[in-house]
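please find the sequence and the predicted model below.
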Amino acid sequence: MRRLKIGLLSLAVLLLSACGDATSRDVHLLSGAAPAELARTHLAAAALKQQNFNVTIEEARLGQIWQRLWAGKADASVTVWLPQASAPFVERFFDRLDDLGPKDGRLAAEADLWPAKDKPHTLVRRSLAQDAPQAVALLKDLQWQPADIEQIIERWQQSQNWTLAAESWLAEQASSSVDVRQE
């Protein structure tokens, strides 16, 4: 009887540990091919990786980004253009997607980075909020300045590696914020 109790208790512990964190730790990001889009996407990926997410990045054209997000073949994009450039896609695909808003540090539009009335928005498939709520929260809070993107692009030009450029920039920002707090 004691063995049966120990066996049942062990089984219960195993079942509870398997049910612990049911949220996904995998995030598939889509990016356009322009350097600013790649810099923003790799910056988002680096931030997600710091929170222990497994991130994959795939380049796609604008229409493909909307379609793949809508079809559940990807999770998010920080490079989708709204409202002007994406208007036809909004009409077709927005029912399964959430717009987390512009991610430009609330700055005035810079002509070099985006068209005058458009800003890069973070677009996520609606079900990601259930699958990985922490990822959605991080993507929602993520902000950057144009100078940040320019610095990541400069790092990429030196290394020819977007991941390294974004991760090293993010690590430098984190260490400088720690230094400021210690002073």
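Looks like it came in fine. Numbering: from 1, shown residues only.

show the average pLDDT along the biggest helix by length in the chain.
Secondary structure of the chain per DSSP state H: the longest helix is helix 162-182. The pLDDT scores in helix 162-182 average 82.

go on, stretch 82-91?
pLDDT averaged over stretch 82-91 gives 82.

what's the span of it from first residue to last?
Stretch 82-91 has an end-to-end distance of 12 Å (C-alpha to C-alpha, to the nearest Å).

off-centre distance for it?
Its chain's average C-alpha position is 20 Å from that of stretch 82-91, according to C-alpha atoms, centre = their mean, to the nearest Å.

ok so, going back, buried sites along the longest helix of the chain?
Across helix 162-182, burial judged by 16 or more other C-beta atoms under 10 Å covers W162, A165, A166, E167, S168, W169, L170. Yep, even glycine has a C-beta here, placed from its N, CA and C like the rest.

out of the residues you listed, the closest to I65 would be?
W162 (17.1 Å; C-beta to C-beta).

what residues are up against that closest one?
Neighbour list for W162: L38, A39, T41, H42, I57, W156 [criterion: C-beta atoms under 8 Å, 6 or more residues apart in numbering].

and the fifth one, how far from E172?
Pointing back at I57 there. In this structure, I57 and E172 are 21 Å apart, going by C-beta to C-beta, to the nearest Å.

where's the spatially most central residue of the chain, which helix or strand?
Nearest to the geometric centre of the chain sits A44, at 4.4 Å (C-alpha atoms, centre = their mean). A44 belongs to helix 35-50 when assigned by DSSP states H and E.

and the angle for that helix with helix 162-182?
60 degrees (axes from the mean of the first three to the mean of the last three C-alpha atoms, to 10 degrees).

a helix runs through V90, doesn't it?
Yes: V90 forms part of a helix when assessed by DSSP: H, G, I helix; E, B strand; the rest coil.

how many residues are close by it?
V90 has 16 neighbours, counted by other C-beta atoms under 10 Å.

was I right to think it contacts Q84?
No: contact criterion C-beta atoms under 8 Å: V90 and Q84 do not qualify, at 10.4 Å.

tell me the one among the contacts of W162 nearest to W144.
Nearest member of the contacts of W162 to W144, counting by C-beta to C-beta, is A39, at 8.6 Å.

how close does I65 sit to L29?
Counting by C-beta to C-beta - I65 and L29 are separated by 10 Å.
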